[in-house]
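Sequence plus predicted model, see below.
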Amino acid sequence: MQENMIPLEEARAIVLDHVALLDTTVVPAWRAVGLPLAEDATTDIDLSPFANSAMDGYAVHASDLAEASSQAAVVLDVVGHEAAGHVFDGEVKPGQAVRIMTGAPMPAGADAVVKYEIVEVLEGDGNEGSKVSFHAPASVGDNVREAGLEAHAGEVVMQAGEVVTAAGAGLLASAGCAEVRVHRAPVVGILSIGTELVDPSTVPARGQIRDANSSVLLAAAIQAGAEVRFGGIAPDDEASIAQAVLLLVQTCDFVVTSGGASAGDYDYVTALARREGEVLFDRISMRPGKAITFGLLHGVPFLGLSGNPAAAAVGFEMLARPAIRKMLGHTAFERPVQTAQVLHDVTKRQERRFYDRACVSRDADGKLQVRSAKSQNSALLGTMHRANCLLMVPEGMRGYSAGDEVPCVRIDLPEGAVI
Ligand code: AMP
Ligand code: MG
């Protein structure tokens, strides 16, 4: 491969090799949503702790109703009731019933619940002292939720590495795991480099442009689950860049810069990494995003992205996002890849792998199709904003013809999603 370009897979493996799982912290179960657990979560009680009713109705002996029919109703005496927080402590004897609400514990003796709607109240208000009539048989276990249906005391309800969902947070709460252990969020430092850059709140003078990349990268880092620290804008001079980068390195787990990473006259980032640390690669066989430097600066992983906004966004997606996920304990790093029929020719003029910003959709018959953005100019962010996938043209291919089935990396879907 020319110019020391390495394949993306190799680059990603190098980055992942140089980031480690972070130390753990304890958070409320609901705060852990979206995060992998750092250790197994075990329930201290049976879930549910007691057999309970799945319906509002009457708890009965099923055998009492064996002969019940519309012609021959069976009448039972109501000896008690159970409502939220009110438990019937006696035993239901043959010939008796207990009024019961959904979720209330099955009283001793009873083995089935008949739903309220099909029971006729003959005398009284339906509670203690009433007589109720049944017109159909019931089977043992009808409308009864067994104890321990979800899990038994001592069992693992969620394993280390499993990602907590909203429902999972509730499961953890039921299991008594009000707080759980997760890996702390990595602190990711972001720095924009370029003398031409100005803060987005100001109107650029001629020759200046607004710093868009720090917004891209801060947002992408947050989306990946990181905490962020913005190091500001550094002009293209060696001392300013060194000062700003080294400040971030002191307080961050991972540092990402954009700008000044290509071999131009004013590009000092790679040189700084070489002088103060170690450069592990500085070219990737990818478009956009060829000029990407990765290394260690004072032991801290450091990713230097090109300043072209779409290239910076793709570089972050392909390399920084997996790194952040690894530090958090995630094990899925690959976005789902979907095959779709491309609606136009795709031509590739270089050997590098191309990731074209594109949109997958379905035609009227439900067939997946994909269309690339008209311009793949890496200065354009709107096309990246609207893309739901990156259409991949591998090394060794010259492109595609309209109608070909092509691989699309779904950047809008979570890693590990099944499609
Ligand atoms: P560089 O990697 O410094 O050679 O920058 C490549 C291109 O990206 C140049 O046109 C820069 O002006 C532009 N660029 C660099 N940094 C940013 C930024 N933070 N926001 C928007 N554009 C940028
Ligand atoms: Mg520059």
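It's in. Ligands and ions are numbered 1, 2, ... in the order given.

residues touching the residue nearest to residue 155 when sequence neighbours are not counted, list them.
Distances taken as Cβ to Cβ, 6 or more residues apart in numbering place residue 43 nearest to residue 155, at 5.9 Å, with adjacent residues excluded. For every residue, glycine as well, the C-beta is placed using N, CA and C. By Cβ atoms under 8 Å, 6 or more residues apart in numbering, residue 43 lies in contact with 151, 152, 153, 154, 155, 157, 174, 175, 176, 177.

got the phi/psi numbers for residue 43?
Main-chain dihedrals, residue 43, degrees, to the nearest 10: phi -90, psi 140.

Next, work out how far apart it and ligand 2 are.
With distances taken as Cβ to the ion, to the nearest Å, residue 43 is found 56 Å from ligand 2.

Ok, residue 78 next?
Residue 78 is 83 Å from ligand 2, by Cβ to the ion.

Chain neighbours aside, what residue packs nearest to that residue?
In space, residue 78 is closest to residue 130, 4.3 Å off (Cβ to Cβ, 6+ apart).

and the one you found, what does it touch?
Going by Cβ under 8 Å, 6+ apart, the list of residues near residue 130 reads 77, 78, 121, 122, 123, 124.

what does residue 135 give?
Residue 135 neighbours (Cβ under 8 Å, 6+ apart): 68, 69, 70, 73, 118, 120.

mind running it again at 7 Å?
Residue 135 sits next to 68, 69, 70, 73, 118 when contact means Cβ atoms under 7 Å, 6 or more residues apart in numbering.

quick one: average confidence on stretch 167-174?
Averaged across stretch 167-174, the pLDDT comes to 98.

mind listing what the closest residue in space to residue 24 that isn't next to it in sequence touches?
Distance criterion Cβ to Cβ, 6+ apart; nearest residue to residue 24, sequence neighbours excluded, is residue 38 at 4.4 Å. Taking Cβ under 7 Å, 6+ apart, we find residue 38 in contact with 24, 160, 181, 182, 183, 329.

circling back to that earlier point, return a selection command, for use in PyMOL, containing the buried ones of the contacts of residue 130.
Buried members of the contacts of residue 130, defined by 16 or more other Cβ atoms under 10 Å, are picked up in PyMOL with:
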select buried, resi 78+121
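
Next step: the contacts of residue 130 restricted to strands.
77, 78, 121, 122, 123 (DSSP state E).

Out of those, flag the one nearest to residue 101.
For the ones in strands among the contacts of residue 130, the closest approach to residue 101 (Cβ to Cβ) belongs to residue 78, at 13.8 Å.
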